[in-house]
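Undergrad: Build me a structure from this.
(2 chains)
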Number of protein chains: 2
Amino acid sequence: MKEIGIGLLGAGTVGRGLIEILETEGERIASRTGVRPVLRRVADRSFQKKPVLSAYAPTASIDEVIDDPSVELVVELMGGLDPAGTAILKALRAGKSVVTANKALIAARSAEIFEAIAEGRKKNPATTIGFEAAVGGALPLVRNMRLIWSAGGMQRMVGILNGTCNFIITRMQDDGMEYAEALKLAQQKGFAEADPSFDVSGKDAAQKLAILSMLAFDVSVRDSDIVVEGIESFHRVDHELARKMGRVIRLLAIARRVDDRLLLRVHPAMIPANHLLADVRDEFNALFIEERYAGPSLIVGRGAGALPTAAAVLSDLVAIGSGSANRWVGDLQPLKSLEDARYRFYFRFRTVDRPGVLARIAGVLAEHDISIATMHQEEGREPVDVVIVTHEASESAVRSAVSKIDGGEIILAPTVVIRMEDNPDASL
Amino acid sequence: MKEIGIGLLGAGTVGRGLIEILETEGERIASRTGVRPVLRRVADRSFQKKPVLSAYAPTASIDEVIDDPSVELVVELMGGLDPAGTAILKALRAGKSVVTANKALIAARSAEIFEAIAEGRKKNPATTIGFEAAVGGALPLVRNMRLIWSAGGMQRMVGILNGTCNFIITRMQDDGMEYAEALKLAQQKGFAEADPSFDVSGKDAAQKLAILSMLAFDVSVRDSDIVVEGIESFHRVDHELARKMGRVIRLLAIARRVDDRLLLRVHPAMIPANHLLADVRDEFNALFIEERYAGPSLIVGRGAGALPTAAAVLSDLVAIGSGSANRWVGDLQPLKSLEDARYRFYFRFRTVDRPGVLARIAGVLAEHDISIATMHQEEGREPVDVVIVTHEASESAVRSAVSKIDGGEIILAPTVVIRMEDNPDASL
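TA: A predicted model of the protein is given here:
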């Protein structure tokens, strides 16, 4: 039996979830895995208010925990870029392995982190980092990227990577709520922050996509490589219109190999209602992948929450403790991203009820070489919704055309633009 | 870079799939994982007819490959209990790790295999076995049982683990085929063997369930611990009746913790049409799990086929080569199985059209304490189908009642019995 001494930085909900699992299942973990993770020290700013910590020599000092010789592995669950980043780098350089759920840090500072690991390995060759919990909570995504899809034949990843957005979207879809109402419910249930902007803007999903793309394609991804659109722009009526087309709306994070380039996108998309991802509801996360050898696969589960995230942290503790962690070899290549791409688009123009409106919209679309597949306008009072689905058109042409149309006087609200994601795989 | 010398036993479709991946992606595998698997020797009975093998010093002799000092790891892809079993045990005892896709062997002889590993570790402490490919092909199930769900809090597993059965069932459901026709199509497409009995009887799924249960619950499972029913008994009309109830039929492999006992079953079941497993079609496999900490999760993918299975074999080569394989510590406990369980049942009685039939059926059910929830009989000519859905009743009572009813003169064909599996989890 191998004991591994743990120092925990940050005893919030996830940290206390981890303590709960270690206290409840310590024996079973040891007998199943041959590793006994033993929590030795905890650093937490308000440790005095958390009696559960008293068994673990609590302190407010991060350094005290990292420097403690009984701590072999540091679990960072503070979140945020600093002091978490400083702490992680210090621990790694000291030859102590790190486990973290901090996706912002992994996405933003992976180069520094890998350098710190290299330095730490001079003191302790086993130094490594685990961040299974940073993407998709309890879904086994990080580890599987190299342990299962090891041949590197990833063709496409389509993920539902933000539980806040998926909860809001599915409440709008299933319960006919408007955005603000669904957001409020998400906040009440603890699925959304008081300031939800990081989630609903799509930025959280984009960070996760950057990490998955790094692992799948061996590239380093900058923020600017990913086109990101959030979920604030569309309304309940767009869900109704999607349903009439046999589709549902989801916020998708997509990475696709196109020749020698990568297309990276986070945006709302209409997908066929019979697609497996259409059944991923509420706060659940999912990743659909297509790999050249393994074929199409889907993984669904809880992407957040104290215990699921703590379970993912535990899986890293066991992997590192048993010497079975990923090695993170291989240099990352700079990403060649695909700037522009072609899609079928859904537009909903909210217009005045006046002669010439349709001619104006159709004219601008034609100028931009955007061909209309279907057009629909309900009879009714102003404002009038004109719904158009296009044939394949380029994103840049669409941006330019919509900007021109929205700049005119006939438009009463920003035009809703949603990509159609079709289903090239009949079975999934 | 760490080279690992591979000896391959059996160059059938999976073996040649592995050769294809190694030849095509060798460089990428090495740079992604730090491990370069190098195929050194191949044993195959008809190696002379397979020119692709000529680069790998082919032979018909299994022992020659195992004994070759350049072979550090043996990949067994012959299938069957022997000579595969003898070969695996010999390699392990010699301190050579083994990777196999042979579920029959793992299910039947795990105790001997673990003893051979223990013996091999005296010569080479790294000796281990990988069998990711034995269950669910390219789905990451075996590895994740201990690396992700490491706390051992598995409550329930519900799997679609046999692609042959799922293909037949979904063709019956979606295309209105009868069993024989769907089976023939499966055979034409290579999804069913000429003799399909091992698959359609549910025995293949039961072996996979035994392996997953060993990993999830740390128990040794005997064949007799699993109640197994196949897919040969029900007809197209049962799919139609299921649809009317908002359900679909799937062959499910189920393991559930009930107090200190385990319920292990393979049988056709009617599940809600909005369950994610209902969207798993054709030859795809899936495993839905509920773990105390990670929560509910679903994994879907290709459970068979040359390249998906070879990809799973490769994942084991990389894991073992990089020292990150599962350790397989922990003694297995004898399983305490749940012999009897309660379900809602669907019965379709094919009867003569004669007074007293219903009274007879209802009478026998009442004698066995089986309470009727709904009963339905279409008007029509003989034979008449009487469809009954029960309230919860015990399996043993149902077996006894159906046997009594089928023994009488009013029944024209064996009664179709399908369990109802309800969906305790609203989201999945």
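Undergrad: residue boundaries of the helices in the stretch 101-250 of chain A?
TA: Applying DSSP state H, counting those that start in this stretch to the stretch 101-250 of chain A gives helices spanning A:103-123, A:142-147, A:163-175, A:179-188, A:197-200, A:203-217, A:236-244.
Undergrad: Mark out where each domain of chain A begins and ends.
TA: Domains of chain A are assigned by automatic domain parsing as A:2-134, A:142-304, A:342-420.
Undergrad: How far away from the center of its chain is the shortest one?
TA: It refers to domain A:342-420. For domain A:342-420, the separation from the chain centroid amounts to 30 Å (computed by Cα atoms, centre = their mean, to the nearest Å).
Undergrad: re earlier: of the helices of the stretch 101-250 of chain A, which approaches chain B most closely?
TA: The closest of the helices of the stretch 101-250 of chain A to chain B is helix A:142-147. By Cβ to the nearest Cβ, the value is 5.1 Å. Bear in mind the C-beta positions are built from the backbone N, C-alpha and C, glycine included.
Undergrad: if you look at that closest one, does any of it touch chain B?
TA: Yes - residues of helix A:142-147 contacting chain B under Cβ under 8 Å from any Cβ of the partner chain: A:Arg143, A:Asn144, A:Arg146, A:Leu147.
Undergrad: what packs against that helix?
TA: helix A:203-217, helix B:142-147, helix B:306-321 (3 or more Cβ pairs under 8 Å, 6 or more residues apart in numbering or on different chains; DSSP states H and E).
Undergrad: Between the helices of the stretch 101-250 of chain A, which has the poorest mean confidence score?
TA: Lowest mean pLDDT within those: helix A:142-147, a mean of 85.
Undergrad: List the contacts of that one.
TA: Helix A:142-147 is contacted from outside by A:131-132, A:134-136, A:211-212, A:215-216, A:299, A:315, A:319, A:326, B:32-33, B:140, B:143-144, B:147-148, B:315, B:318-319, B:324, using Cβ atoms under 8 Å, 6 or more residues apart in numbering or on different chains.
Undergrad: Buried subset of those residues, written for ChimeraX?
TA: Buried members of those, defined by 16 or more other Cβ atoms under 10 Å in any protein chain shown, are picked up in ChimeraX with:
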select /A:131,132,134,135,136,211,212,215,216,299,315,319,326 /B:32,33,140,143,144,147,148,315,318,319,324
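Undergrad: Please tell me how far the least confident helix or strand in chain A by mean pLDDT is from the chain's geometric centre.
TA: Here the helix or strand of chain A ranked lowest by mean pLDDT, DSSP states H and E is strand A:333-334, holding a mean of 83. The chain centre lies 21 Å from the centre of strand A:333-334; the measure is Cα atoms, centre = their mean.
Undergrad: Do it and chain B come into contact?
TA: No - Strand A:333-334 does not reach chain B (Cβ under 8 Å from any Cβ); its nearest approach is 10.1 Å.
Undergrad: Give me the next element, helix or strand, following that strand.
TA: strand A:342-351 (DSSP states H and E).
Undergrad: What angle do helix A:236-244 and that following strand make with each other?
TA: Here strand A:342-351 points in a direction 130 degrees away from that of helix A:236-244 (axes from the mean of the first three to the mean of the last three Cα atoms, to 10 degrees).
Undergrad: ok, and what's touching strand A:342-351?
TA: A:234, A:237-238, A:241-242, A:270, A:357, A:361, A:370, A:373, A:383-395, A:398, A:402, A:405, A:410-413, A:415-422.
Undergrad: Alpha carbons of stretch A:226-242, as PDB, please.
TA: Coordinates of each C-alpha in stretch A:226-242 appear next as PDB, following Å, rounded to 0.1, in the frame of the first residue of the first chain:
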ATOM      1  CA  ILE A 226     -11.800  30.300 -31.000                       C
ATOM      2  CA  VAL A 227     -14.800  32.200 -32.400                       C
ATOM      3  CA  VAL A 228     -17.100  32.500 -29.400                       C
ATOM      4  CA  GLU A 229     -20.800  33.400 -29.300                       C
ATOM      5  CA  GLY A 230     -22.900  33.200 -26.100                       C
ATOM      6  CA  ILE A 231     -26.600  32.400 -25.400                       C
ATOM      7  CA  GLU A 232     -27.900  35.800 -24.500                       C
ATOM      8  CA  SER A 233     -29.100  36.700 -28.000                       C
ATOM      9  CA  PHE A 234     -31.900  34.300 -28.700                       C
ATOM     10  CA  HIS A 235     -35.400  34.000 -27.300                       C
ATOM     11  CA  ARG A 236     -38.000  31.400 -26.500                       C
ATOM     12  CA  VAL A 237     -39.500  31.900 -29.900                       C
ATOM     13  CA  ASP A 238     -36.300  30.600 -31.500                       C
ATOM     14  CA  HIS A 239     -36.800  27.300 -29.600                       C
ATOM     15  CA  GLU A 240     -40.300  27.100 -31.000                       C
ATOM     16  CA  LEU A 241     -39.100  27.700 -34.500                       C
ATOM     17  CA  ALA A 242     -36.400  25.200 -34.000                       C
END
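Undergrad: Enumerate residues external to it that contact any of its residues.
TA: The contact list for stretch A:226-242, computed with Cβ under 8 Å, 6+ apart, reads A:165, A:168-169, A:172-173, A:176-179, A:200-203, A:205-206, A:209-210, A:248-249, A:251, A:264-268, A:270, A:337, A:346, A:348, A:376, A:385, A:387, A:395, A:414, A:416-418.
Undergrad: Please indicate which of those residues are buried?
TA: Applying 16+ other Cβ under 10 Å to the contacts of stretch A:226-242 flags A:165, A:168-169, A:172-173, A:177, A:179, A:200-203, A:205-206, A:209-210, A:248-249, A:251, A:264-268, A:270, A:337, A:346, A:348, A:385, A:387, A:395, A:416-418 as buried.
Undergrad: What pLDDT does the model give the closest residue to A:Ala111 other than its chain neighbours?
TA: Distances taken as Cβ to Cβ, 6 or more residues apart in numbering or on different chains place A:Ser220 nearest to A:Ala111, at 7.0 Å, with adjacent residues excluded. Turning to A:Ser220, the model gives it a pLDDT of 88.
Undergrad: Many thanks, we can stop here.
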